[in-house]
Structures are given as C-alpha cells and as structure tokens.
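>>> I would like the atomic coordinates for the input below:
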Amino acid sequence: MNKKILASMLVIGILALAMGYGTYSYFSDTETSTSNTFTAGTIDLQLKGADGNWYNGVTATWSISGWAPGDSFIAELDMRNIGTTGALVGRIKGIDLSQPDSPYDIADYIYITDIEYTEGGVWQPYNLTDYYATIMGNKAAPLTLREFCEAGGYSMVFWTGTGNPGASGIDYFPAGGLVEGLKLGFTFNSAAGNVYQGDRATFTLRVTADDDPTILGKGSVGCYGY
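Next up is the predicted model:
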C-alpha cells in the first residue's frame, strides 16, 4: 500500500481518537460533611466551703476567734476543676487585707509558719514557708500575714513535675475534678501585747487556674513564686 495512504489513515485515526475523548461519561456521587464545629473547653474551678460542699466562691472558709499570743491554727483549702479542659498551673495569693478594729496592725503579728500542698492529689513533704519568706515582703523570715497579702506581683504557684510547668505536659488542675489541697499554718506572735486584744484581720485567698507557663522566682520542687 502506498506510504502516503498509510500516513493519511494514521492521522485520521489519531484525530478520531482525540475527538472521542470528549464523549465519555462517568458515574459520580457527592456527599457533604456538615456541622463541623470548634468548641473551646472550659476551666471551672471550685473551692470546698466550710460546710463540705463545693462552690465557685466561698466565704469564711476559716474563722479563728479567741486567739491569744502564741496560739496557732492550720487552715485547709480543697480545690478542683470540673471543667472540660485542664489547667497547667494553680496560683494562690492573699489579697484584700483588712484590719477594721486594729490600729496597731495585728497582721504584722500573725505569722505564716506552714505552707503545704498536694500534687496529683498527694501531699508533698515540703514546708514552703522559708522559701516564700525570701521573695515576699522584706524577703526575710518570719513571713507575716501582711507580707503575704501585700506581695506585689507574687503568688504561690503550683504545678505537676519539675522544671518548667510545660515540661511534663501534665495539668495541675486536670478536667474531671481531681482534688488538690493547700494547708496554711498561722501563729499569733507570742510577743504581741495587750493592745491587740479584740483586734481582728480578714483577708481573701484568691485561687487561679490557668495555662500560662511563665514562672518567675524558682523555688522548691513543684512550687515557684510568680
């Protein structure tokens, strides 16, 4: 067969094949994924009241009366997070010191002699009073109630593990209600004179749960000042 005829037939075949590409049909089906939502978790910190029930805020958890110079008292506070997401650290700070009956500043004669805490719900074998006495107030023992409540930007800060709070990746206040505890020991200075009879001091203990890993003032294991 003539070579020109074969070449022409080949060109015609290629053109026909190319034209056929546009005529094919395919089955298809399309579905949609709907209601895709991002919902932020919640941190819901609760404190146990003097009546044994849990509240978002409590009043008069401790009430110490009839104190005499040299007397001591251990105050305890239970805390938990019943939210849907955990909090990396817990911060505890004394604020709003008031001495309505005390022109002689009784808060200067009330010493904090014990600071204990739990980690993972377990009491730790540390008394942090000496450490916080070095970063609050005049930075020397004893640590007074006034210094604790007027410590500027410093709080007691707690988290799980050692090193930076984010190193362990474990929340101090996990979701689900794990109970963490705090003990504060107070002593009325035995050298307080008669002028303090009938005087009183009140203060607020502020507890914060957050995920801020920024910590200042390295202290004892599991607890830093910030």
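
>>> residue boundaries of the helices in this structure?
Taking DSSP state H, the helices of the chain run over residues 3-20, 129-133, 145-149, 165-168.

>>> Lowest average confidence across those, which one?
Among the helices of the chain, helix 3-20 carries the lowest mean pLDDT, a mean of 50.

>>> wait, what's in contact with the spatially closest residue to residue 62 that is not a sequence neighbour?
In space, and not counting its chain neighbours, residue 62 is closest to residue 75: 4.5 Å by CB to CB, 6 or more residues apart in numbering. For glycine as for every other residue, the C-beta is placed from the backbone atoms N, C-alpha and C. Shown in contact with residue 75 (CB atoms under 8 Å, 6 or more residues apart in numbering): 61, 62, 183, 184, 185, 186.

>>> Please enumerate the strands of the protein.
Ranges of strands in the chain, per DSSP state E, are 45-48, 54-55, 72-81, 89-98, 110-119, 122-123, 143-144, 156-158, 180-188, 202-210, 223-225.

>>> Need those strands in TSV (columns: mean pLDDT).
TSV is the format used below for the strands of the chain (pLDDT from 0 to 100):
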stretch	mean pLDDT
strand 45-48	95
strand 54-55	95
strand 72-81	96
strand 89-98	92
strand 110-119	96
strand 122-123	96
strand 143-144	96
strand 156-158	91
strand 180-188	97
strand 202-210	93
strand 223-225	54
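
>>> Redo the ones you listed as a markdown table? Include distance to residue 136.
Below are the strands of the chain laid out as a markdown table (distance: least, CB to CB, whole Å):
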| stretch | distance to residue 136 |
| --- | --- |
| strand 45-48 | 22 |
| strand 54-55 | 28 |
| strand 72-81 | 17 |
| strand 89-98 | 9 |
| strand 110-119 | 9 |
| strand 122-123 | 23 |
| strand 143-144 | 6 |
| strand 156-158 | 9 |
| strand 180-188 | 13 |
| strand 202-210 | 14 |
| strand 223-225 | 8 |
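
>>> Among these, which comes closest to residue 133?
Of all the strands of the chain, it is strand 143-144 that lies closest to residue 133, at 4.1 Å by CB to CB.

>>> Report all helices and strands that the closest one contacts.
Counting contacts by 3 or more CB pairs under 8 Å, 6 or more residues apart in numbering; DSSP states H and E, strand 143-144 packs against strand 110-119, helix 129-133.
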